[in-house]
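In: build me a structure from this.
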Amino acid sequence: MEHNHTWEEGELPKGKKAVTSKWVFTIKYKSNGDIERYKARLVARGFTQTYGEDYRDTFAPVAKLHTVRVVLSLATNLEWELWQMDVKNAFLQGELEEEVYMKPPPGLEDHNAPGKVFKLKKAIYGFKQSPRAWYHKLSTTLLDRGFKKSEADNTLFTLPSKEGIVVILVYVDDIIISGNDKVGIQETKTFLKSVFDIKDLGELKYFLGIEVCRSKEGLFLSQRKYTLDLLSQVGKLGAKPAKTPLEDDYKANRKGELDNKPFEDVTQYRRLVGKLIYLTITRPDICFAVNVVSQHMQAPTLHHWNMVTRILKYLKGAPGQGIWMGCNKNTELVGYCDADYAGDTKDRRSTTGYCTFIGGNLVTWRSKKQKVVSLSSAEAEYRAMRKLTTELMWFKALLKDFGIDTPKPITMHCDNQAAIHIASNSVFHERTKHIEVDCHKVREQVQLGVILPCYTESEEQLADIFTKGASTKVCEYIHHKLGLVDLSRP
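Out: Numbering: from 1, shown residues only. Sure thing, here's the model as predicted:
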């Protein structure tokens, strides 16, 4: 910290208060569970800061995990390189704009000068504005280098040249570098090392708990270690595996003796569901089940806890399952959307589900209950189409930043003929006059030639598992189509 010129000693001015700090010790592990290193970090007690005095804006963007999967799919299809870098003590690089004082940390107190404080020039961990200061420093450095910031995702930076393109994706202190300009990538890595204290981790293998395995045929994403750690924490490593995340006849709001009995440890329920939500990054097969149990965080019952237990037993059956991205050498965009009409027996709201593919590889998926009650299945499906439309519009803008144009209309698969007719024509009758204006964004994009609704048989609707609990046979068929595999199985 002294080498980084983080602070300068001085007296505390009148009317100012000094923030205290503490040392935090952690152990960093590798993906296989081995100890990587022991880590000590000085953390400020940021909760003692006062808004307007020693901090103001705190917002700082991090990479969307959708964008991460898009970059990985493009790198696989276009045979780009994938590198990972880690910034050492990233927040210490950010420069503070506010006047902030800190008491000497434990071990550095000078008993001969009890009134001495540190005036901070650089941000340290724990301060509310530290993430913003670091992002501002990094983005300014990259923009001065000639990179362009993506409007679709502010953590994505691109540097096109005659030789190709260099892509940088930032998630706080973790950086993914990709592209087909090999010389440009090497120069960028050298430049970042000269500006920041940064560590080159080599080829991308482990990112935010996601394990990445790459070969000439494609790329495999999984959270095997995360899943096994989760099962170990809740004592389910020896549980009997379940074939599906939900029972075939499940009902989240079932009325029975045990179903209405409150679950006592609400904190445990919330913590466990939160971990399952993070697991959906590479496990679309549990997306709908996790969506159902996450709706009852406020007052879960024993029935809801049994549903969570069922998901854990399903994970026990295939802890190493993940997404396979093949090298298909194209960047075609395709979307699937579906809706379960009035699926919730309590409030009769429908559930929207969709998934998108780039170059034949699954990159995004969603399962979400609609905010209003739909009066018909056509209306429910039309609302699902609107959600997918906004997703595809974002994809189109994102791919443009990579230098990839999509002149042809993007195919949108839907299994409801009435919804497709509403999207393609200015229909106005009793069934459609109440639909909000924002839903007609679909019709506008169809007329502009951005998307092309296409009818698909219900058996071929891949978004089906994001709207309802499916049977074992249906799950196996759709999982295969989505590219879900378990490489750890023989």
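
In: how many other residues sit next to the nearest residue to T48 once chain neighbours are set aside?
Out: What sits nearest to T48 in space, not counting adjacent residues and going by CB to CB, 6 or more residues apart in numbering, is V19, at 5.5 Å. Heads up, the C-betas are built off the backbone N, CA and C, glycines and all. Residues contacting V19 under the criterion other CB atoms under 10 Å number 21.

In: you'd agree V19 is up against V100?
Out: Yes. Shown here, V19 and V100 form a contact pair, counting by CB atoms under 8 Å, at 6.9 Å.

In: ok, back up a step: quick one: contacts for the residue nearest to T48?
Out: Neighbour list for V19: 44-46, 48-49, 54, 100-103, 127 [criterion: CB atoms under 8 Å, 6 or more residues apart in numbering].

In: who wins on neighbours among those?
Out: With neighbours defined as other CB under 10 Å, the most crowded of those is F127; it has 27 neighbours.

In: mutual contacts of V19 and V100, please.
Out: Listed as contacting both V19 and V100 by CB under 8 Å, 6+ apart are 49, 54, 127.

In: for A18, see how far away the second one is.
Out: So the one you mean is D54. Distance, D54 to A18, using CB to CB, to the nearest Å: 10 Å.

In: mutual contacts of the two, please.
Out: Y101.

In: how far does the helix or strand where H421 lies sit from the chain's center?
Out: Using DSSP states H and E, H421 maps to helix 417-424. Chain-centre distance of helix 417-424: 32 Å, with CA atoms, centre = their mean, to the nearest Å.

In: for that helix, buried residues please.
Out: 418-420, 422-423 (16 or more other CB atoms under 10 Å).

In: sketch out the low-pLDDT regions of the stretch 1-150 of the chain for me.
Out: Under the criterion pLDDT under 70, the flagged ranges of the stretch 1-150 of the chain are 31, 111-113.

In: hmm, back to that, kindly reformat the contacts of V19 as JSON lines containing secondary structure.
Out: Shown next, in JSON lines, are the contacts of V19 (DSSP: H, G, I helix; E, B strand; the rest coil):
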{"residue": "A44", "secondary structure": "strand"}
{"residue": "R45", "secondary structure": "coil"}
{"residue": "G46", "secondary structure": "helix"}
{"residue": "T48", "secondary structure": "helix"}
{"residue": "Q49", "secondary structure": "coil"}
{"residue": "D54", "secondary structure": "coil"}
{"residue": "V100", "secondary structure": "coil"}
{"residue": "Y101", "secondary structure": "strand"}
{"residue": "M102", "secondary structure": "strand"}
{"residue": "K103", "secondary structure": "coil"}
{"residue": "F127", "secondary structure": "coil"}
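
In: as CSV, those with distance to K64 would be great.
Out: Shown next, in CSV, are the contacts of V19 (distance: CB to CB, whole Å):
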residue, distance to K64
A44, 28
R45, 31
G46, 25
T48, 32
Q49, 28
D54, 30
V100, 31
Y101, 36
M102, 33
K103, 38
F127, 25
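
In: closest to N328 among those?
Out: The closest of the contacts of V19 to N328 turns out to be F127 (CB to CB; 45.5 Å).

In: any idea how far T48 is from that closest one?
Out: F127 sits at a distance of 10 Å from T48 (criterion: CB to CB).

In: relative to K121, how far out is the residue nearest to T48?
Out: From V19 to K121 the distance is 14 Å (CB to CB).

In: Y51 now?
Out: For Y51, the distance to K121 equals 21 Å [CB to CB].

In: low-confidence ranges in the stretch 351-490 of the chain?
Out: 427-434, 490.

In: quick one: the strands in it?
Out: 351-358, 361-369, 410-414, 451-455, 484-486 (DSSP state E, counting those that start in this stretch).

In: can I get the shared contacts of V19 and V100 in CSV with distance to S377?
Out: Listed next are the shared contacts of V19 and V100 as CSV, based on distance: CB to CB, whole Å:
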residue, distance to S377
Q49, 52
D54, 55
F127, 52
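
In: quick one: which of those is nearest I410?
Out: Nearest to I410 among the shared contacts of V19 and V100 is F127, at 43.2 Å by CB to CB.

In: next, the closest one: phi, psi?
Out: When read as degrees, to the nearest 10, the backbone of F127 gives phi -70, psi 140.

In: can you start the count at 25 instead of 1 from here on
Out: Sure thing, new numbering starts at 25, so read that last one as F151.

In: quick check: it vs Q73, distance?
Out: Counting by CB to CB - F151 and Q73 are separated by 7 Å.

In: and for these two, which residues touch both?
Out: Common neighbours of F151 and Q73 are listed as 43, 79, 124 (criterion: CB under 8 Å, 6+ apart).

In: K173 and I192 touch, don't they?
Out: No. Taking contacts as CB under 8 Å, K173 lies outside contact range of I192: 10.1 Å.

In: shared neighbours of these two, anything?
Out: Both K173 and I192 are in contact with 166, 180-181, where contact means CB under 8 Å, 6+ apart.
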